[in-house]
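Chemist: Quick one, what's the 3D model for this:
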Amino acid sequence: MSKRKPTKRPVGPDASRSRSENHTTASGLDLQAIRELARIAGEFGLTEVEADPSGHIRISRAAVGAPVDSSVGLRPAGPTIALAPPAPVEGATEPGTFINSPFVGTFYRAPSPDTAAFVEVGQRVKKGQVVCIVEAMKLMNEIEAEADGSVAEIMAKNGEHVEYGQGLIRLTPF
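Modeler: Numbering: from 1, shown residues only. The predicted model follows:
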């Protein structure tokens with residue numbers, strides 16, 4: 001029985017580069033890393049991920065309530081990776097406009113525990129009005145109404161963990 005001599009694997013910042021040389025683009029970016037960045041961008045509602053071959057990464061996210069492009073731009077090479085749109089709201093058989101969570105986080109109905117909720121069922125809201133908060137990565141993100149309407153249903157409980165694309169509030173026309 002022969003014993004195999006253990007192979008030495010690189011350690012440090014260049015380790016992943018040598019292991020993934022067979023999976024790189026013409027610009028030197030690791031395709032597996034690009035796929036992982038696209039997955040993370042979708043999970044956290046990021047609008048842009050910029051990476052260069054030296055390993056520097058810059059991310060950005062649109063302001064809450066702003067329209068979000070469903071692609072992730074990778075520069076300087078320029079390829080675009082399309083992300084899947086949010087999953088349809090479960091049990092969304094009722095008519096109306098759904099305000100969905102733009103990312104994974106914790107849903108809050110009020111700005112603090114000792115203040116009134118932003119909205120109540122039956123209340124009228126205007127487009128752009130803050131209706132709740134989703135805390136993600138220690139940031140309190142105000143979620144705004146995407147249309148004028150009346151609050152028909154608050155679909156998440158205060159302090160509940162919510163997923164990307166999950167329905168939070170259902171609005172119906174006045």
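Chemist: quick one: the helices in the chain?
Modeler: Taking DSSP state H as the criterion, the chain carries its helices at 15-19, 31-44.
Chemist: so which of the ones you listed is the most packed in?
Modeler: Burial of those is given as mean neighbour count (mean count of other Cβ atoms under 10 Å); helix 31-44 ranks first at a mean of 16. All C-beta atoms are positioned from the backbone trio N, CA, C, and that covers glycine.
Chemist: I'd like to know which elements that helix is packed against.
Modeler: Applying 3 or more Cβ pairs under 8 Å, 6 or more residues apart in numbering; DSSP states H and E, one finds that helix 31-44 contacts strand 48-51, strand 71-73, strand 80-82.
Chemist: list the contacts for residue 170?
Modeler: Listed by Cβ atoms under 8 Å, 6 or more residues apart in numbering, the contact set of residue 170 reads 94, 96, 97, 98, 99, 151, 152, 153, 155.
Chemist: Out of the helices and strands packed on helix 31-44, which gets the lowest mean score?
Modeler: Mean pLDDT values for those show the minimum at strand 71-73, a mean of 43.
Chemist: can I see the domain layout of this protein?
Modeler: Split into domains by automatic domain parsing, the chain comes to 15-82, 97-172.
Chemist: can you tell me which of those the model trusts least?
Modeler: domain 15-82 (a mean of 60).
Chemist: next one: phi and psi at residue 173?
Modeler: Here is the backbone geometry of residue 173 (degrees, to the nearest 10): phi -60, psi 150.
Chemist: The residue lying closest to it once chain neighbours are set aside: neighbour count?
Modeler: Distance criterion Cβ to Cβ, 6 or more residues apart in numbering; nearest residue to residue 173, sequence neighbours excluded, is residue 149 at 5.7 Å. The number of residues packed near residue 149 is 21, by other Cβ atoms under 10 Å.
Chemist: contacting residues for residue 149?
Modeler: 96, 97, 124, 125, 171, 172, 173, 174.
Chemist: Buried residues, stretch 95-102. List them.
Modeler: By neighbour count with 16 or more other Cβ atoms under 10 Å, stretch 95-102 contains the buried residues 96, 97, 98, 99, 100, 101, 102.
Chemist: Correction: the previous question concerned stretch 134-145.
Modeler: Buried positions in stretch 134-145, judged by neighbour count with 16+ other Cβ under 10 Å: 134, 136, 141, 143, 144, 145.
Chemist: Excluding chain neighbours, what is closest to the fourth one?
Modeler: Read that as residue 143. residue 132 is the one closest to residue 143 (Cβ to Cβ, 6+ apart), at 5.0 Å.
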